[in-house]
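Undergrad: mind folding the following:
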Amino acid sequence: MINLGVRIEFYESVGQMGEQSKGYLGALERTEGYRASAVPQIGTFLMAASLRVADRATARSLPGPVQLPVRFVEHHLVPEREGKVPVWWDSYQEPGPTVVVHMALGSSPAGEPLRQMIRQYAADGWECTGPDGSKLREYGLEARRDLGL
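TA: Numbering: from 1, shown residues only. Predicted structure coming up:
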């Protein structure tokens, strides 16, 4: 099994595969915490339900399609010097891939359902980032503060 990271990038509109998505709004990211039998390739579909972070009855679902195409695969390498990770290395201790998917939120992503979804992801250890003034960033900071993270 492979330990896999996932980043969900949110945009105002998502282009077709090979096209740019427009209006970056922010992202949810967890660099580990998913198991896969193989590293998904670009164009492979991930099931959105597998990215759920709470039980089916209480989970706030990701907005969008049931299947999400992988847009990018990032490989996080770890340097090795004489069989050990150097003491100056301050990032990942183990190499791992992160797959990136895009989701559309429209031009005004706000509201209580989105806030609750971000809170669930933050409670599960996901980082929520976004540009200054982004609702995703605001909701992520609010969730981390409320959860004492």
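Undergrad: residues in contact with residue 36?
TA: Each residue near residue 36 by CB atoms under 8 Å, 6 or more residues apart in numbering is listed here: 1, 2, 4. C-beta: built from backbone N, CA, C; applies to glycine.
Undergrad: helix/strand/coil for residue 143?
TA: Of the three states, residue 143 takes helix according to DSSP: H, G, I helix; E, B strand; the rest coil.
Undergrad: dump the residue contacts of it.
TA: 115, 118, 119, 121, 122, 123, 128, 149.
Undergrad: let's go with 10 Å and repeat that
TA: Residue 143 makes contacts with 115, 116, 117, 118, 119, 120, 121, 122, 123, 126, 128, 149, as judged by CB atoms under 10 Å, 6 or more residues apart in numbering.
Undergrad: so the fourth one makes contact with residue 25?
TA: No. Judged on CB atoms under 10 Å, residue 118 makes no contact with residue 25 at a distance of 11.7 Å.
Undergrad: shared neighbours, the two?
TA: Joint contacts of residue 118 and residue 25 (CB under 10 Å, 6+ apart) are 135, 136, 137.
Undergrad: how close does the first one sit to residue 117?
TA: Spelled out, it's residue 135. Relative to residue 117, residue 135 is positioned 12 Å away (CB to CB, to the nearest Å).
Undergrad: who has more neighbours, these two?
TA: Between residue 135 and residue 117, residue 117 has the larger neighbour count (other CB atoms under 10 Å), namely 22 against 19.
Undergrad: element containing residue 5, please.
TA: For residue 5, the host element (DSSP states H and E) is strand 2-13.
Undergrad: only alpha carbons, please: show that strand as CSV.
TA: Listed in CSV are the C-alpha atoms of strand 2-13, where the atom choice follows Å, rounded to 0.1, in the frame of the first residue of the first chain:
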residue,chain,number,x,y,z
ILE,A,2,1.1,3.6,-0.7
ASN,A,3,0.6,6.4,1.7
LEU,A,4,-1.0,9.1,-0.4
GLY,A,5,-1.6,12.8,0.1
VAL,A,6,-4.5,14.7,-1.5
ARG,A,7,-5.0,18.4,-2.3
ILE,A,8,-8.4,19.7,-3.4
GLU,A,9,-8.1,23.0,-5.1
PHE,A,10,-11.3,25.1,-5.4
TYR,A,11,-11.9,27.4,-8.3
GLU,A,12,-14.8,29.6,-9.6
SER,A,13,-14.9,27.4,-12.7
